[in-house]
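Asks: what would the 3D arrangement of this be:
(one chain, ligands or ions: 1)
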Amino acid sequence: MKKYFALTILCILTLTACNQPTAEESAYPNEVIETIMTRRSVRQYNDEPISHEVMDKILECGIHAPNGMNAQRWEVRVVESQKWINDATEAYKNSIPADSPMAEQFKDPNFKNMFRNATSVIFISHRPGPCTQIDCGLMAGNMVNAAKSLGVSSVIMMSPISFFSTEEGKPFLETLALSEGQELLLCIGMGYSDQQPETPERRYSKVKYIQ
Ligand SMILES: Cc1cc2nc3c(=O)[nH]c(=O)nc-3n(C[C@H](O)[C@H](O)[C@H](O)COP(=O)(O)O)c2cc1C
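Replies: Residues are numbered from 1 along each chain as shown. Model (predicted):
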C-alpha cells in the first residue's frame, strides 16, 4: 500500500514538473509574442554603441512595416554621433526657460541627453498625407520590436520633436538633410539598457468581443 502511495506521489510530482516552463521553455507561445510582451520603453542606457550589422536589421524591419498603398512617404535618419546628441541637448537646454516644468528633467542626476539618454537616435519624418502618421507609427513599432529581439532597448519619443522647429533646433534639423516636404514626426532612442522598467498597466477592459 505504502509503495502505491509513494508511486502516486512520484507521478504527480513528475507531471507537475513537466508543466512548468524550463529555462529553455518560455512562458510565451512563441518568440514573436515574447518579444512584443517583454519590450519596455527604456530611459537609461550604458555607453555601448549599436553595431551597423544590428542597426541595419532594425531599419530593414522598419521599412517592411505595412503602409498605406505602399507609398512609403517617410524618411529615416540615424544619428550615432555623440557630439551631435550632446550639442543638440545643450541647445535644447538653452531654449528652455529655467523655471519651466520642462527644465525639471535636467536636475535628474542620471540625465545624459534630451533623447532619454539613448546612445543612438532614429528620426522618422513623413510627407504628410492621410495615412502617413499611422505608417510612421507602424514603422516605429516594427523597429522597437526588432530591436528588442536583437537585445537592443528603445523608447519612442515625440516630445523632443518640437525643439527642431525652434531657432536653436533648426541647425540640427538641417543636418538631417530631409527631402523637400518632409516633416519630422517622431524619434526613437536606442541603446543597451541600464535599467529594468516595470510593465506599465494595460487596461484589458478596453477590448470587447461583439458576438
Ligand atoms: C507616439 C508615442 C510617443 C511617445 N513619446 C514619448 C516621449 O516623448 N517621452 C518618453 O519618455 N516616452 C514616450 N513614449 C513612450 C511611452 O511613454 C510608453 O510607450 C508607454 O508609457 C508604455 O510603456 P512601454 O513602452 O514600456 O510599454 C511615447 C510612445 C509613443 C507610442
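Asks: buried stuff in the longest strand anywhere in the chain?
Replies: In the chain, ranked by residue count with DSSP state E as the criterion, the top strand is strand 183-191. Buried residues in strand 183-191, defined by neighbour count with 16 or more other C-beta atoms under 10 Å: 184, 185, 186, 187, 188, 189, 190, 191. (C-beta placed from N, C-alpha, C; glycine too.)
Asks: any idea how far residue 62 is from the fifth one?
Replies: Pointing back at residue 188 there. Distance, residue 188 to residue 62, by C-beta to C-beta, to the nearest Å: 9 Å.
Asks: quick one: the strands in this protein?
Replies: All strands of the chain, identified by DSSP E, fall at 74-79, 120-126, 153-157, 183-191.
Asks: do you know which of these lies nearest the ligand?
Replies: Closest of the strands of the chain to the ligand is strand 153-157, at 3.7 Å (criterion: C-beta to the nearest ligand atom).
Asks: the closest one packs against which elements?
Replies: Counting contacts by 3 or more C-beta pairs under 8 Å, 6 or more residues apart in numbering; DSSP states H and E, strand 153-157 is packed against helix 132-149, strand 183-191.
Asks: I'd like those as CSV, with distance to the ligand appended.
Replies: Below are these laid out as CSV (distance: least, C-beta to the nearest ligand atom, whole Å):
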stretch, distance to the ligand
helix 132-149, 6
strand 183-191, 6
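Asks: any chance of those in TSV, plus mean pLDDT and distance to residue 209?
Replies: Output for the helices and strands packed on strand 153-157, formatted as TSV (pLDDT from 0 to 100; distance: least, C-beta to C-beta, whole Å):
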stretch	mean pLDDT	distance to residue 209
helix 132-149	98	24
strand 183-191	98	32
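Asks: so for residue 84, which of those sits nearest?
Replies: Using C-beta to C-beta as the measure, strand 183-191 is the one of the helices and strands packed on strand 153-157 that comes nearest residue 84, at 12.5 Å.
Asks: relative to strand 153-157, how tilted is the closest one?
Replies: Between strand 183-191 and strand 153-157, the angle comes out at 160 degrees (axes from the mean of the first three to the mean of the last three C-alpha atoms, to 10 degrees).
Asks: up against the ligand, what does this structure have?
Replies: Residues of the chain lying close to the ligand by C-beta under 6 Å from any ligand atom are 40, 41, 43, 116, 155, 156, 157, 158, 159, 186, 197, 200.
Asks: what about the residue nearest to the second one when sequence neighbours are not counted, distance to residue 179?
Replies: With C-beta to C-beta, 6 or more residues apart in numbering as the criterion, residue 41 has its nearest non-adjacent residue at 4.2 Å, and that residue is residue 155. Counting by C-beta to C-beta, the gap between residue 155 and residue 179 amounts to 26 Å.
Asks: quick one: low-confidence parts of the chain?
Replies: Along the chain, the model assigns pLDDT under 70 to residues 1-24.
Asks: what segments of it are helices?
Replies: 2-19, 31-38, 52-63, 82-95, 132-149, 170-175 (DSSP state H).
Asks: out of those helices, deepest packed?
Replies: helix 132-149 (a mean of 20; mean count of other C-beta atoms under 10 Å).
Asks: tell me what it is packed against?
Replies: Here helix 132-149 touches helix 31-38, helix 52-63, strand 74-79, strand 120-126, strand 153-157, strand 183-191, going by 3+ C-beta pairs under 8 Å, 6+ apart.
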